[in-house]
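A.B. asks: kindly return the folded structure for what I paste below:
(chains A and B)
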Amino acid sequence: MNSAEFLLWVRGPGLQIATVIFLIGMVLKLLEILLLGRKKNLAVLRSSGVVEGFRTIFTRSLPADKNTMKRSMFTFVTGYIFHIGLFVVIFLLTPHISLFKSVFGFSWPSLSTPVVDFFAVATMVSLLAILFRRLTHPVLKFLSRGEDYFVWVLTFVPLLTGYMSYHHLFFDYNWMLATHILSAEIMLIFFPFTKLTHAFTLFISRWYSGSIAGQKGVKS
Amino acid sequence: MSETSQATLERGVQALKEQIDSTTAAFFSSCTHCGMCADACLFHTETGCPTYTPIHKVEPMRRIWEQEYTLVGRLKKLLGLSKKVTDKELEKWQSLVYNSCTLCGRCSMVCPVGIDITGLIRKMREGMVASGHAPEGLIGASERAVEIGSPMGVRLPALQAQIKHAEQDTGLAIPVDEQGAEYMVLLSSMEIINYPEYLQAIAKIFKQADKRWTLCSEAFEATNTGIQIGSSDIAAELVERVVAGAEKLGVKTVISPECGHAYTALRWEGPNLVGREFTFKVQHILEVLDEFRGQGLIKTEGVEEAKLTFHDPCQLVRRGGVVEQPRNLLNMIAPNFVEMDDHGTMNWCCGAGGGVSANEEADKVRIKAFDRKKHQIKDLGVDTLVTACANCRIQLEDGLEIHDMDIPVQGLTEMIADHLLVSNVSKNIEEQAS
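C.D. replies: Below you'll find the predicted structure:
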């Protein structure tokens, strides 16, 4: 297989396979959660908890208070940088938008490439800092399992290969681009079966949490 | 107690499986191991010990969820790749699930993906009881609660002596088993033994508010060890007694005393434990007092000169939604009331809730965890500490004494009672009594 064939494959069948596995996997994952159901709360509630659930979906993107932010400063700073960075890189880069357009049939404005480039670098730096902390901080070292590192690799490699192909670094452009697409596809394939699912399930989780608290009259 | 005598690993795993619902699955699916819950837990902040990271305390339950309720987990199990939860493992987890967790709920407030970690630990305890890995201290307290009616072994005669005492001191009648009273007042054993002021305060306040209230000789204990140890069966049995007493007397409202978990047990878990809605209302005493205040039923005179602060019992604020009431009440009588840096729903636990105080094995870490509160109090430089939970109060007194801090701790209800405007009625009573 030469580089052109490789690129053709990852852009065609490769992408299809990855997308199908991702979609079916995520539907299964969500069903796995929601079908378990839960019991009705028989206590006299201060509120139905519906609105509070939605409220918490938003408020949990922010620190609970100033002291919480101070105590977990590293997690907040690196967390914001790499999540916002990932969003920008994935959804606001021109070639990515073209891809989405070819799939969904509609597009949205992109950011200029140097700006996206800046976000890509910031995201990678932030992810490296997070990895370093995972390897050294007593709590994170203790908590981390193989999956935590595996998922880090799944997230980091598409960023790195994307950056390298854009800047024509080290390798042949076609090979690099194909590798970049393949790494993103591998990430998609593993997505529904690893903690990457939090990108979707956190909405359910936050809603439940906010709702449970809200029913008791607690703002969480 | 049958629950613990027949305890096996299988029953433990079964009990944990029964606890797993869509919330549990959403929570476990969302954890990214970011470690922020550790920063919110006083057992971690005060000891620096990573094993106290809240989400780690439910790791065996997470594995059971993964192995039984997820595609990947089942596949791994089929291929023999998953590590089964063992009895030895649960035994090891006992100290994490009981000694170093007060179910205070602080971790649940900060988790960025919104995991109610405390709720999970509460569920985890069901499995610990069923597998025979609850701490001795809590097993003993539960046995006494079921057999005697009080975790501390307080029987009716002890209460009757207390009542007699209170009647002599206040000159007011303490109603017992009064049919059709509006309020049924519950007590915690701790209040019967250590803080008789509470019952006297109730008598005075209800006299001034001119509300009919009663104690129930068959259901006077509010604490619920079943909630603390994590046995729904025991918890339900204890709640049933209160329900039976309240229904028999036909009261409109049952008042949970100055106790944190008793409120959670009755107000939030109670109806779910017995499987039906209550025919009466459940309120914490502070909610009732704040209502009286709002209706102008209690009038106070004089103020507390001391600079004081309020220690929020976790089960009242974070887990119960009683946040403003103590502040409203304190503002009536305490012009020098100041707030701790972290207060209200983000308050730090005293370190002794959730059964920790009844568990001797936790003594050392409980005292260590108090350091957080010690610093909060020192930073503020207050002369008096006010709270609304007898269990917090014991821990606060204990901790302050250990650190040679001479700061009195008072219950809010009795503080209000101390400032009641002496009406003609009570003046008469005082004259008669003297």
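
A.B. asks: just the pLDDT for B:Ser423.
C.D. replies: pLDDT, B:Ser423: 60.

A.B. asks: low-confidence ranges in the chain?
C.D. replies: Chain wasn't specified; assuming chain A. Along chain A, the model assigns pLDDT under 70 to no residue.

A.B. asks: I was after chain B.
C.D. replies: Ranges of chain B meeting pLDDT under 70: B:1-5, B:423-434.

A.B. asks: burial count for A:Ile189?
C.D. replies: By the measure other CB atoms under 10 Å in any protein chain shown, the count of residues near A:Ile189 is 18. C-beta: built from backbone N, CA, C; applies to glycine.

A.B. asks: just the C-alphas of the host helix or strand of it, formatted as PDB.
C.D. replies: Secondary structure from DSSP states H and E places A:Ile189 in helix A:173-190. The C-alpha coordinates for helix A:173-190 follow below in PDB (Å, rounded to 0.1, in the frame of the first residue of the first chain):
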ATOM      1  CA  TYR A 173       2.700  14.800   4.000                       C
ATOM      2  CA  ASN A 174       0.400  12.100   2.700                       C
ATOM      3  CA  TRP A 175       1.600   9.500   5.100                       C
ATOM      4  CA  MET A 176       1.400  12.000   8.000                       C
ATOM      5  CA  LEU A 177      -2.100  13.100   7.000                       C
ATOM      6  CA  ALA A 178      -3.300   9.500   6.600                       C
ATOM      7  CA  THR A 179      -1.800   8.600  10.000                       C
ATOM      8  CA  HIS A 180      -3.500  11.600  11.500                       C
ATOM      9  CA  ILE A 181      -6.900  10.500  10.200                       C
ATOM     10  CA  LEU A 182      -6.300   6.900  11.200                       C
ATOM     11  CA  SER A 183      -5.400   8.000  14.800                       C
ATOM     12  CA  ALA A 184      -8.600  10.000  15.000                       C
ATOM     13  CA  GLU A 185     -10.500   6.900  13.800                       C
ATOM     14  CA  ILE A 186      -8.900   4.700  16.400                       C
ATOM     15  CA  MET A 187      -9.900   7.300  19.000                       C
ATOM     16  CA  LEU A 188     -13.500   7.200  17.700                       C
ATOM     17  CA  ILE A 189     -13.500   3.400  17.800                       C
ATOM     18  CA  PHE A 190     -12.400   3.300  21.400                       C
END
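
A.B. asks: show me what that helix is packed against.
C.D. replies: In terms of contacts (3 or more CB pairs under 8 Å, 6 or more residues apart in numbering or on different chains; DSSP states H and E), helix A:173-190 is packed against helix A:3-9, helix A:15-34, helix A:146-166.

A.B. asks: quick one: these as JSON lines, columns for mean neighbour count too.
C.D. replies: Converted to JSON lines, the helices and strands packed on helix A:173-190 look like this (neighbours: other CB atoms under 10 Å in any protein chain shown):
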{"stretch": "helix A:3-9", "mean neighbour count": "15"}
{"stretch": "helix A:15-34", "mean neighbour count": "16"}
{"stretch": "helix A:146-166", "mean neighbour count": "18"}
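
A.B. asks: with adjacent residues omitted, what lies nearest to A:Ile84?
C.D. replies: Computed as CB to CB, 6 or more residues apart in numbering or on different chains, the closest residue to A:Ile84 that is not its neighbour in sequence is A:Phe119, at 7.5 Å.

A.B. asks: residue of the stretch 151-300 of chain B closest to chain A, please.
C.D. replies: In the stretch 151-300 of chain B, the residue found nearest to chain A is B:Pro271; the distance is 3.8 Å by CB to the nearest CB.

A.B. asks: contacts only, for the residue lying closest to A:Leu160 once chain neighbours are set aside.
C.D. replies: Using CB to CB, 6+ apart and skipping residues adjacent in sequence, the residue nearest A:Leu160 is A:Met124, 6.6 Å away. The neighbours of A:Met124, taking CB atoms under 8 Å, 6 or more residues apart in numbering or on different chains as the test, are A:156, A:159-160, A:163.

A.B. asks: ok, which stretches of the stretch 51-200 of chain B are helices?
C.D. replies: Along the stretch 51-200 of chain B, counting by DSSP state H, counting those that start in this stretch, helices occupy B:59-69, B:71-78, B:87-94, B:106-110, B:117-130, B:136-147, B:156-170, B:189-193, B:197-209.

A.B. asks: and residue 184, how many neighbours does it have?
C.D. replies: Went with chain A since none was named. 23.

A.B. asks: not quite, I wanted chain B
C.D. replies: By other CB under 10 Å, 26 other residues sit near B:Met184.

A.B. asks: helix or strand right after the helix holding A:Ile189?
C.D. replies: As assigned by DSSP H and E, the chain's next helix or strand after helix A:173-190 is helix A:198-215.

A.B. asks: run the chain-centre distance for stretch B:164-183.
C.D. replies: Centroid separation for stretch B:164-183 versus its chain: 25 Å, with CA atoms, centre = their mean, to the nearest Å.

A.B. asks: other residues contacting it?
C.D. replies: B:163, B:196, B:199-200, B:203-204, B:206-207, B:211-217, B:249-255, B:288, B:429-430, B:432-433.

A.B. asks: how about the strands of chain B, start to end?
C.D. replies: B:183-185, B:213-214, B:253-256, B:281-284, B:308-311, B:337-338, B:384-387, B:409-411 (DSSP state E).

A.B. asks: tilt between the longest helix along chain A and helix A:146-166?
C.D. replies: The longest helix of chain A (DSSP state H) is helix A:113-136. Using axes from the mean of the first three to the mean of the last three CA atoms, to 10 degrees, the inter-axis angle of helix A:113-136 relative to helix A:146-166 is 150 degrees.

A.B. asks: counting contacts, what elements does the helix or strand that helix A:113-136 is followed by pack onto?
C.D. replies: Per DSSP H and E, the first helix or strand lying C-terminal to helix A:113-136 is helix A:138-143. Counting contacts by 3+ CB pairs under 8 Å, 6+ apart, helix A:138-143 packs against helix A:113-136.

A.B. asks: in the helix it packs on, what's buried?
C.D. replies: Buried positions in helix A:113-136, judged by neighbour count with 16 or more other CB atoms under 10 Å in any protein chain shown: A:116-117, A:119-120, A:122-124, A:126-127, A:130-131, A:133-134.

A.B. asks: can you tell me the centre-most residue of chain A?
C.D. replies: Nearest residue to the geometric centre of chain A (CA atoms, centre = their mean): A:Ala199, 5.1 Å.

A.B. asks: and it, how far is that from B:His311?
C.D. replies: Using CB to CB, to the nearest Å, A:Ala199 is found at 39 Å from B:His311.
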